[in-house]
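> After the sequence you'll find the predicted model.
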Amino acid sequence: MKTPEPAGHGWRHRTHEVIFESDTAAGKWFDLFLIALIMASTAVVMLESVAPIRQRHGALLRTSEWVFTALFSGVRL
């Protein structure tokens with residue numbers, strides 16, 4: 001039987017710290033990355049609403065939307 005990791009150690013603790021604690025350098029980078037993804041997702045939706053852009057790049061925009069949806073929902077690609 002495997003013994004549990006001591007508090008403050010292990011990948012689960014580190015992951016929790018990065019995602020939920022913005023006072024660490026890794027946490028700040030995670031927050032910036034997440035904000036950039038949200039902005040990119042919003043830009044894709046906005047671009048798709050413009051008919052000439054949708055006609056020319058529709059497939060790419062739809063694929064991008066699905067990738068963002070998968071990332072935000074935690075689906076493994």
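Structure's in. What do you need? Numbers count the residues shown, from 1 in each chain.
> From L34, how far out is the closest residue to I53 other than its chain neighbours?
Of all residues not flanking I53 in the chain, L47 sits nearest, at 5.1 Å (C-beta to C-beta, 6 or more residues apart in numbering). Using the backbone N, CA and C atoms, a C-beta is placed for each residue, glycine as well. Going from L47 to L34 by C-beta to C-beta, to the nearest Å gives 20 Å.
> again, but for A40
Counting by C-beta to C-beta, the gap from A40 to L34 is 11 Å.
> do the same with I19
Distance of I19 to L34, computed by C-beta to C-beta: 9 Å.
> do K28 as well
On the measure of C-beta to C-beta, K28 and L34 end up 11 Å apart.
> any common contacting residues for those two?
Common neighbours of K28 and L34 (criterion: C-beta atoms under 8 Å, 6 or more residues apart in numbering): none identified.
> So which residues of the protein form helices?
Secondary structure of the chain, counting by DSSP state H: helices at 11-20, 25-48, 51-73.
> now the ones you listed as CSV including mean neighbour count?
Conversion of the helices of the chain to CSV gives the following (neighbours: other C-beta atoms under 10 Å):
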stretch, mean neighbour count
helix 11-20, 12
helix 25-48, 13
helix 51-73, 13
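> Would you format those as CSV with mean pLDDT included?
CSV is the format used below for the helices of the chain (pLDDT from 0 to 100):
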stretch, mean pLDDT
helix 11-20, 81
helix 25-48, 92
helix 51-73, 95
